[in-house]
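[1] Here's my sequence, what's the structure:
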Amino acid sequence: MTDEELHSWLKELTTGSEKAFEVVYEEIHHHVYRTIYFLVNNKQDTNDVANEVYIQLIKSIAKYDQTKTFYSWLNGLIVKQTANWNRKLWRKFNLDKKNQLFSIEEHPRSIEETMLTNETNSQLLQHVNRLPYKLKVVIVLRYFHDNSFEEIANTLNIPIGTAKSRHHHALKNLRNKKLPTESEASLHVH
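    Numbers count the residues shown, from 1 in each chain. Okay, the predicted model is just below:
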């Protein structure tokens, strides 16, 4: 679909057209799912986060500036919704940890938790997932979506120098494999 056709459907989406949503969804759903999958800490939450992205898309489509690329704007929605989701999970995790401290008996891990812990797709993806969220977002946008540093800066609403710096730090961490543990990485979610 050309940008012109997509913009036409996006304009129709602002009127609440179900048909427009179906067309836009068909065009973007692989992009949305793949991006969320790389950014979310718990891969089983990918569909839930995607639903949040689509809700936010519908709510804010009227604010989309058609002079900018749609996918950069969409990536911004995805990044914000994923960060919000991870933040909620981190708060819940901290609450659960506090509750465990006051609990007398330890609960054994469920089969699902064990399987989730052992879930791996590739060694590189494991390393990327251990990066602090700010660095992981830059790597996903740069290498999985081929975004320029300018696009990354616009998506994340940061200066281009910051985007380059985060990219540099992420690559340095990946090269040195001096990656923080999962709990340390989660602490960097802001």
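[2] Enumerate every residue touching Tyr71.
    The neighbours of Tyr71, taking C-beta atoms under 8 Å, 6 or more residues apart in numbering as the test, are 31, 145. Every residue, glycine included, has its C-beta placed from N, CA and C.
[3] So what's the gap between stretch 15-22 and the chain middle?
    Its chain's C-alpha centre and that of stretch 15-22 lie 25 Å apart, by C-alpha atoms, centre = their mean, to the nearest Å.
[4] Now do the buried residues in it.
    Across stretch 15-22, burial judged by 16 or more other C-beta atoms under 10 Å covers 20-21.
[5] Contacts for it, please.
    Residues from elsewhere that reach stretch 15-22, judged by C-beta under 8 Å, 6+ apart: 9-10, 12-13, 58.
[6] pull the CA atoms of that stretch into PDB?
    Provided in PDB are the C-alpha atoms of stretch 15-22 (Å, rounded to 0.1, in the frame of the first residue of the first chain):
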ATOM      1  CA  THR A  15     -14.400   9.200  11.500                       C
ATOM      2  CA  GLY A  16     -14.600   5.900  13.400                       C
ATOM      3  CA  SER A  17     -14.900   3.700  10.200                       C
ATOM      4  CA  GLU A  18     -14.600   0.000  11.000                       C
ATOM      5  CA  LYS A  19     -13.600  -0.700   7.400                       C
ATOM      6  CA  ALA A  20     -10.800   1.800   7.700                       C
ATOM      7  CA  PHE A  21      -9.600   0.100  10.900                       C
ATOM      8  CA  GLU A  22      -9.600  -3.300   9.200                       C
END
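[7] mind listing the helices for the protein?
    With DSSP state H, the ranges of helices along the chain come out as 3-13, 18-39, 46-60, 70-102, 111-117, 123-130, 133-139, 149-156, 160-176, 182-187.
[8] buried stuff in the third one?
    Meaning helix 46-60. 46, 49-50, 52-54, 57.
[9] Repeat that for the second one.
    Buried residues in helix 18-39, defined by neighbour count with 16+ other C-beta under 10 Å: 20-21, 23-24, 28, 32-33, 35-39.
[10] quick check: angle from that helix to helix 46-60?
    Helix 18-39 and helix 46-60 are oriented at 130 degrees to each other (axes from the mean of the first three to the mean of the last three C-alpha atoms, to 10 degrees).
[11] Could I get the average pLDDT for helix 18-39?
    Averaging pLDDT along helix 18-39 gives 91.
[12] That helix vs helix 3-13, what angle?
    110 degrees.
[13] and the protein, what are its domains?
    Domains of the chain are assigned by automatic domain parsing as 1-109, 120-190.
[14] Any idea which of those has the lowest pLDDT on average?
    With a mean of 75, domain 120-190 has the lowest mean pLDDT of those.
[15] ok, now which ones touch Lys11?
    The contact partners of Lys11, taken as C-beta under 8 Å, 6+ apart, are Gln66.
[16] Let's see that with 6 Å instead.
    Going by C-beta atoms under 6 Å, 6 or more residues apart in numbering, Lys11 touches no other residue.
[17] what about it, distance to Tyr133?
    Lys11 sits 33 Å away from Tyr133, going by C-beta to C-beta, to the nearest Å.
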